[in-house]
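A.B. asks: got a predicted structure plus its sequence, pasted below:
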Amino acid sequence: MRSLGLLLFLCAASLSADTLLLKSGDSIEGFYQQEEAGIVTFVKLNGEKITVASEEVENIDFAQSGVPACVLLKSDKQPKCDLILASFSADGIVVAEGKAKRSVKRIALSDLTSYQLKKIADHQKLAALLPEDKRVVLTLQNNQKLTGTVSQEGDGIKIKDSSGKSQVIAESQVLGADVNFVTQQFRWLNPRNFLIGYPQYKSGRKIPGVAMMGGFGLLWLGFGAEYLAATSDNKKAQGDFTVLLLNNQSYLQSFNRHQANQRNFAVGALFLYAFHWFDLYRHRDENVVMNLELTTPQQNSLAFAAMPEERKRANLSFVFSMRY
């Protein structure tokens, strides 16, 4: 019976096994167990458990890999991070959790509110882990955010925005993705939509948002300054005897100039406000997605492998196998 169990173990291993590559050049097939206190524990195909110092490890090639994720369920108030998302299908997503990412479970799409993915290694791919019928927010290396529906296009991700414009982004340029399964209609009468630039800023388009808010404020500041200047000219004219006796027109000319500037500033502010509403309409899908408050990964669980030299060690921590 024992030999039968060992045979089954060897058969499973031969179908899907991890490879431990040492700096000495040796490679060992088996199952990664854990890395703790600078020691990597690995089980060889024959069932023998070995331990290797972390500094002796060149790399580990995992038979099945995923991407670090934060997942928010409809039944939870807070997202659960420190997960690995393994696969996406119409039946749901498969995630691995636990210290060595051994506990694997399937979550139905109907139970999801949102999930967020963040790469920690170059070999990780996001395209196959994203739905094609939901709005997705991609985060690129330059921190630019693109929103739209996505599909796999060769080695890249094709994204189509609300205007129908599409572009293909190389996997190497994508750092993360936010997926939201809760949808809502765009509400024109949402109170915050009346604050120029604020919806754009909250949706992640910070530069347009700040530019609109700042420009609108400066235009009305200029309007106020010209109003005060025109009022000042009027008061000065009333107290200057040369206006009546010598028909001094300088105050009138200055007053008219300030009034013209007032009108120009007011028209500019109104045009900018009209553009604000046009921009809301043009990017209404992006605003709806971001208004749902996408999950934020915990710094210590997803973002600790920013430097290239840290990625190999990070790979030792973020692993899982569907076998367990």
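C.D. replies: The structure has been received and is ready for your questions.

A.B. asks: helices of the stretch 101-250 of the chain, residue ranges please.
C.D. replies: Using DSSP state H, counting those that start in this stretch, the helices of the stretch 101-250 of the chain run over 198-202, 206-238, 242-245, 250-282.

A.B. asks: ranking the ones you listed by mean pLDDT, which is last?
C.D. replies: For these, mean pLDDT drops lowest on helix 242-245, to a mean of 70.

A.B. asks: in the stretch 101-250 of the chain, where is pLDDT below threshold?
C.D. replies: Scanning the stretch 101-250 of the chain with the threshold set as pLDDT under 70 gives 101-104, 121, 183-185, 243-244.

A.B. asks: how many residues are close by residue 274?
C.D. replies: Residues contacting residue 274 under the criterion other Cβ atoms under 10 Å number 10. In short, each C-beta sits where N, CA and C put it, glycine included.

A.B. asks: break this structure down into its structural domains.
C.D. replies: 2-61, 67-182, 191-291 (automatic domain parsing).

A.B. asks: pick the most buried one from those.
C.D. replies: domain 67-182 (a mean of 17; mean count of other Cβ atoms under 10 Å).

A.B. asks: end-to-end on that domain?
C.D. replies: 22 Å (Cα to Cα, to the nearest Å).

A.B. asks: for stretch 162-171, same thing?
C.D. replies: With Cα to Cα, one end of stretch 162-171 sits 22 Å from the other.

A.B. asks: what does stretch 194-207 give?
C.D. replies: End-to-end for stretch 194-207, by Cα to Cα: 18 Å.

A.B. asks: quick check, central residue of this protein?
C.D. replies: residue 139 (4.6 Å; Cα atoms, centre = their mean).

A.B. asks: how about that residue: what's its closest non-neighbour residue?
C.D. replies: Once flanking residues are discounted, residue 139 sits nearest to residue 176: 4.4 Å by Cβ to Cβ, 6 or more residues apart in numbering.

A.B. asks: next one: residue 124
C.D. replies: The nearest residue in space to residue 124 (Cβ to Cβ, 6+ apart) is residue 67, at 5.0 Å.

A.B. asks: pLDDT score assigned to the one you found?
C.D. replies: 82.

A.B. asks: sorry, back to before: OK, contacts around the residue nearest to the centre of the chain?
C.D. replies: Listed by Cβ atoms under 8 Å, 6 or more residues apart in numbering, the contact set of residue 139 reads 145, 174-178.

A.B. asks: rerun that using 10 Å as the cut-off
C.D. replies: Under the criterion of Cβ atoms under 10 Å, 6 or more residues apart in numbering, the neighbours of residue 139 are 116-119, 145-146, 174-178, 204.

A.B. asks: which two of those have the greatest separation?
C.D. replies: Using Cβ to Cβ, the two most remote members of these are 119 and 204, lying 18.5 Å apart.

A.B. asks: list the beta-bridge partners for the nearest residue to residue 167 once chain neighbours are set aside.
C.D. replies: Excluding its sequence neighbours, the residue lying closest to residue 167 (Cβ to Cβ, 6+ apart) is residue 159, at 6.3 Å. Residues in a beta bridge with residue 159, per DSSP bridges, are residue 150, residue 167.

A.B. asks: return the closest of the contacts of residue 139 with respect to residue 84.
C.D. replies: residue 117 (10.0 Å).

A.B. asks: who are the neighbours in contact with that closest one?
C.D. replies: 66-71, 85, 124, 126, 129-130, 136, 138-139, 174-179, 297, 302.

A.B. asks: now the residue nearest to the centre of the chain: how far from residue 120?
C.D. replies: Taking Cβ to Cβ, to the nearest Å as the measure, residue 139 falls 14 Å from residue 120.

A.B. asks: shared neighbours of those two, anything?
C.D. replies: Common neighbours of residue 139 and residue 120 (Cβ under 10 Å, 6+ apart) are 175-176.

A.B. asks: any idea how far residue 221 lies from residue 214?
C.D. replies: In terms of Cβ to Cβ, residue 221 sits 10 Å off from residue 214.

A.B. asks: sorry, slip of the keys, the one I care about is residue 168.
C.D. replies: 34 Å.
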